[in-house]
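**Student:** Predicted structure and sequence below. I'll ask about it afterward.
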Amino acid sequence: MSDRNGDFASFFSGLLMGSIIGAVSALLMAPQSGEETRKLLRERGIELRDMSSDALERAAAEARQRADELTRLAREQAGELRERAGEVRHRGEAAIEDIRLRGEAAVEAAKSPRGGKKG
């Protein structure tokens, strides 16, 4: 995910810089007065601001969507882990109970009048 965000940031940065350089070059090469050039620079600046604002809004929406998806996945995995832990605990308790019962049976067999020996 971070590689994709890095790629998007690099692409957006390149797009923005290319747009600025292209706009400034076009304005400086165009045969027009200083007032017209300043007006065009203002208009292009507004366009670039709007473009970058839209791109940032899209990136923020995508980031929120990914965060929501990751949160959902984390909650699902946490639930599965709790379920597995419960199963392991149940098996452990059953094994302990089995060992306890076998131990009690062995003690009772040892206490019997024959001492647990056949004879």
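**Tutor:** Received it, and whenever you're ready, just let me know what you need.

**Student:** Mind pulling the model confidence for the one residue sitting closest to the centre of the chain?
**Tutor:** Nearest to the geometric centre of the chain sits residue 70, at 4.2 Å (Cα atoms, centre = their mean). At residue 70, the pLDDT value in this model is 95.

**Student:** Mind giving me the packing neighbours of the strand or helix carrying it?
**Tutor:** Here residue 70 sits within helix 34-111, counting by DSSP states H and E. Packing contacts for helix 34-111, counted by 3 or more Cβ pairs under 8 Å, 6 or more residues apart in numbering; DSSP states H and E, involve helix 2-29. Glycine gets a C-beta too; all of them are placed from N, C-alpha and C.

**Student:** average pLDDT across the helix it packs on?
**Tutor:** Here the average pLDDT along helix 2-29 is 75.

**Student:** just checking, what packs against that helix?
**Tutor:** Using 3+ Cβ pairs under 8 Å, 6+ apart, helix 2-29 is in contact with helix 34-111.

**Student:** If I take the helix it packs on and helix 2-29, what angle do their directions form?
**Tutor:** 180 degrees (axes from the mean of the first three to the mean of the last three Cα atoms, to 10 degrees).

**Student:** where's helix 34-111 relative to the chain centroid, distance-wise?
**Tutor:** 6 Å (Cα atoms, centre = their mean, to the nearest Å).

**Student:** With stretch 16-35 instead?
**Tutor:** 41 Å.

**Student:** Now do that stretch: everything it contacts.
**Tutor:** 37, 40-41, 44, 48, 51-52 (Cβ atoms under 8 Å, 6 or more residues apart in numbering).
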